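K.L.:
Here is the input, now give the coordinates:
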Amino acid sequence: MDRLIELAVIGGTGLYQLAGLEDVEPHQPVTRFGAPSGPIRVGMLEGHRVAFLARHGEEHSLPPHQINYRANLVALQALGARRVLALNTVGGITARFGPRVLACPDQLIDYTWGRISTLCEEPGSEVMHVDFGDPYTPGLRREVLAAATRAGVALEDGGCYGATQGPRLETRAEIARMRRDGCDLVGMTGMPEAALARELELDYACLAVVANWAAGAGPDVAEVITLQDVLDNVAAASAGLPPLLRALLSAGAEA
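P.N.:
Okay, here's the model as predicted:
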């Protein structure tokens, strides 16, 4: 495609559309890996060309382990995206990552299993051993953090995202183990998305929206997590996304 997409945004649980996106054109490409999660909506945001894809589908019909991560990223790349900002709804494990916090993690640990996690799966594919020491593109992370500062949006810098299989939430023992491993956040969709983006040479960063305390992690260890609590917290934490995205896009235009 000859028109560059300045930023592709992938939305997670509770984030099924991109506020302020105008002149929207839906695209439904079929890739060599099949179809993406749903239509990729390409439009203008504050004068910048942006693509949005709801990772779970616009009706939240896809559980984390059934998402076609390869098709999603290949389709975005085919439409002209080179930078991807992943919005992930997560649980907080350590003290600074409580509900309604917005974070930009810098590390992750993969606890998922059985997912196709590479472009090298099919016979005859080129075998790629990509450097994944920094799973999120450092340059894009810096841009996101700087944009948050300019926009006056509170954004926690750093933290380790632990990706679990889902769709069930974790046990207290599993969260205790993840805390010992060094995880600050827990989600179900961070992998293999980040690794696939690296194989595709896409710049990739994560904005983690903390929807709840993980099991046993908050002040009330017996707290029961409800879907309504999650949605309310996602809505509150997401309030800073529009100004942050505007600041990020404006900086890209000035560069």
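K.L.:
hey, let's count contacts and neighbours off CA atoms from now on
P.N.:
OK.
K.L.:
which stretches of the stretch 1-150 of the chain aren't confidently modelled?
P.N.:
Residues of the stretch 1-150 of the chain meeting the criterion pLDDT under 70: 1-3.
K.L.:
same question, the stretch 151-255 of the chain
P.N.:
221-222, 252-255.
K.L.:
now the helices for it?
P.N.:
172-181, 193-199, 227-237, 241-254 (DSSP state H, counting those that start in this stretch).
K.L.:
which parts of the first one are buried?
P.N.:
Same thing as helix 172-181. 175-176, 178-179 (16 or more other Cα atoms under 10 Å).
K.L.:
Tell me which residues are up against it.
P.N.:
Outside helix 172-181, the residues within contact range by Cα atoms under 8 Å, 6 or more residues apart in numbering are 93-94, 162, 214-217.
K.L.:
Most widely separated two among these?
P.N.:
Spatially, the most separated pair among the contacts of helix 172-181 is G162 and G216, at 15.7 Å (Cα to Cα).
K.L.:
So V130 is in contact with L200, correct?
P.N.:
No. Using Cα atoms under 8 Å as the test, V130 is too far from L200 to be in contact (9.8 Å).
K.L.:
Write down the beta-bridge partners of the most centrally placed residue in the chain, one by one.
P.N.:
Closest residue to the average C-alpha location of the chain: A86 at 2.7 Å, with Cα atoms, centre = their mean. Legend: beta-bridge partners of A86 under DSSP bridges are I10, C206.
K.L.:
how far away is it from I67?
P.N.:
Distance of A86 to I67, given as Cα to Cα, to the nearest Å: 14 Å.
K.L.:
For the contacts of helix 172-181, could you give me TSV that also reports neighbour count?
P.N.:
Putting the contacts of helix 172-181 into TSV (neighbours: other Cα atoms under 10 Å) gives the following:
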residue	neighbour count
I93	28
T94	17
G162	28
A214	29
A215	23
G216	19
A217	21
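K.L.:
Strands - which of those land there?
P.N.:
The members of these that map onto strands under DSSP state E are G162.
K.L.:
which one of the contacts of helix 172-181 is nearest D229?
P.N.:
Distances from these to D229 were compared by Cα to Cα; the smallest belongs to A214, at 12.8 Å.
K.L.:
State the number of residues packed around the closest residue to the closest one other than its chain neighbours.
P.N.:
Here the nearest residue to A214 in space, its sequence neighbours aside, is G91; by Cα to Cα, 6 or more residues apart in numbering that works out to 4.9 Å. Residue neighbour count, defined by other Cα atoms under 10 Å, stands at 31 for G91.
K.L.:
Is G91 located within a strand, as I assumed?
P.N.:
Yes. Applying DSSP: H, G, I helix; E, B strand; the rest coil, one finds G91 inside a strand.
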